[in-house]
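Enquirer: Have a look at this prediction, sequence included:
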Amino acid sequence: MALKFDKDAVYKKNSGFDFIGEDGIYLVEIIENEIRTEEFEGRYKGSKYHNLKIMFQNGKTKYIKIYYENAEGDIDASGYNFLLSLRNILKEDFEDANKDTSKVLAADSNQIVNSFIKNKRPIYLAFRQSEYKETTYFNLNKFVNPLGDLSDAYKEAEKRKIEVIDLIEETKTEPTQVDDWDDEDDL
């Protein structure tokens with residue numbers, strides 16, 4: 001059965017696009033990856049890009065486009081640097097685990113991104129708010145490359161005078177109740 005709309009139907013909130021956070025660095029996980037070619041008119045028409053779906057700590061998702069090659073075949077520096085940073089994070093992970101890095105160094109960007117998805121390897125990405133035609137957007141800050149760990153995120157945040165944003169809500173715990181009786185068998 002098809003969807004029917006009320007006469008006075010209004011748009012519903014879409015958590016993926018309505019999430020507007022503070023400018024800062026966030027822990028995210030890449031959950032989908034697809035290589036595409038930009039079809040829309042504009043400066044990126046014909047450019048190749050990774051269309052990444054990322055998930056923030058609060059479960060909100062967002063798509064980000066990582067352009068890496070324009071229609072003429074020239075490399076896009078911001079996308080190249082983003083993908084190279086992912087490779088370097090993966091290479092460090094392999095080195096820390098005393099694994100051979102030759103496969104990482106020989107991998108293409110699709111293999112690298114898919115490794116992050118398969119292994120559920122979180123990374124830190126910077127985001128900023130921007131406004132266009134009276135609408136606020138929450139976009140990837142392409143001037144900050146992906147970061148592999150929290151200490152790197154704090155160093156970059158301090159350098160750029162932004163914050164590392166933690167989206168995990170603190171859970172309140174009830175104080176532990178102490179038993180009134182002693183039992184020698186309890187530890």
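Expert: Thanks, I have it. Keep in mind that what you see is a predicted model, and the values were worked out from it rather than measured.
Enquirer: Just give the nearest non-adjacent residue to D166, would you?
Expert: With Cβ to Cβ, 6 or more residues apart in numbering as the criterion, D166 has its nearest non-adjacent residue at 7.1 Å, and that residue is Q57. Quick note: C-beta positions are derived from backbone N, CA and C, even for glycine.
Enquirer: quick one: contacts for the one you found?
Expert: Q57 makes contact with Y26, L27, V28, D166, L167, I168, according to Cβ atoms under 8 Å, 6 or more residues apart in numbering.
Enquirer: ChimeraX command to pick out the buried ones of those residues?
Expert: Buried subset of the contacts of Q57, written as a ChimeraX selection, criterion 16 or more other Cβ atoms under 10 Å:
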select :26,27,28
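Enquirer: would you list the contacts of Q57 in a markdown table and tack on secondary structure?
Expert: As requested, these are exported to a markdown table (DSSP: H, G, I helix; E, B strand; the rest coil):
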| residue | secondary structure |
| --- | --- |
| Y26 | strand |
| L27 | strand |
| V28 | strand |
| D166 | coil |
| L167 | coil |
| I168 | coil |
